[in-house]
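Colleague: can't give you the sequence, but here's the structure:
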């Protein structure tokens with residue numbers, strides 16, 4: 001499986017008036033993630049079968065931008081609370097396993113820190129969570145089952161450099 005990890009773009013600051021899961025993207029966040037996704041489509045030749053996303057508003061908005069730019073074969077975005085910021089890599093692996101992806105599938109996972117850094121660390125077997133700036137994207141080729149030490153990092157594009 002080719003697994004793309006995309007952290008949601010920059011969101012509005014936390015507020016005492018609204019719930020964290022309801023925060024929207026900023027216009028700067030939208031611009032930066034669009035640049036990362038256009039780079040992924042053009043220079044890195046990303047093609048997708050499916051997009052999976054956290055059910056937080058900022059992740060869904062980021063997934064919608066990805067859908068517009070990358071045009072996955074199956075355009076319906078699947079959302080789940082199992083991909084939230086406080087989820088564990090094992091919860092995410094379980095959720096992905098339920099989707100029954102095969103070894104040839106190309107899947108984009110849109111989520112948050114610390115989850116994405118922990119998934120990447122787990123797949124690579126590094127032992128330490130890896131930082132992801134908002135709007136950053138990585139490609140990990142997974143051999144066999146989605147489990148610790150089953151991935152190889154192909155590239156990581158930080159939204160801070162595009």
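Modeller: Structure's in. What do you need? All values reported here derive from a predicted model rather than from experimental measurement.
Colleague: separation between residue 71 and residue 62?
Modeller: Applying Cβ to Cβ, to the nearest Å, the value for residue 71 to residue 62 is 16 Å. For glycine as for every other residue, the C-beta is placed from the backbone atoms N, C-alpha and C.
Colleague: and the two? which has more neighbours close in?
Modeller: For residue 71 versus residue 62, neighbours defined as other Cβ atoms under 10 Å are more numerous around residue 62 (31 against 11).
Colleague: List the contacts of the closest residue to the more buried one other than its chain neighbours.
Modeller: Spatially, and ignoring its direct neighbours in sequence, residue 62 is nearest to residue 8 (4.3 Å; Cβ to Cβ, 6 or more residues apart in numbering). By Cβ atoms under 8 Å, 6 or more residues apart in numbering, the contact set of residue 8 is 25, 29, 33, 54, 56, 58-59, 61-62, 110-112, 134-135.
Colleague: what's the spacing between residue 8 and residue 71?
Modeller: Counting by Cβ to Cβ - residue 8 and residue 71 are separated by 20 Å.
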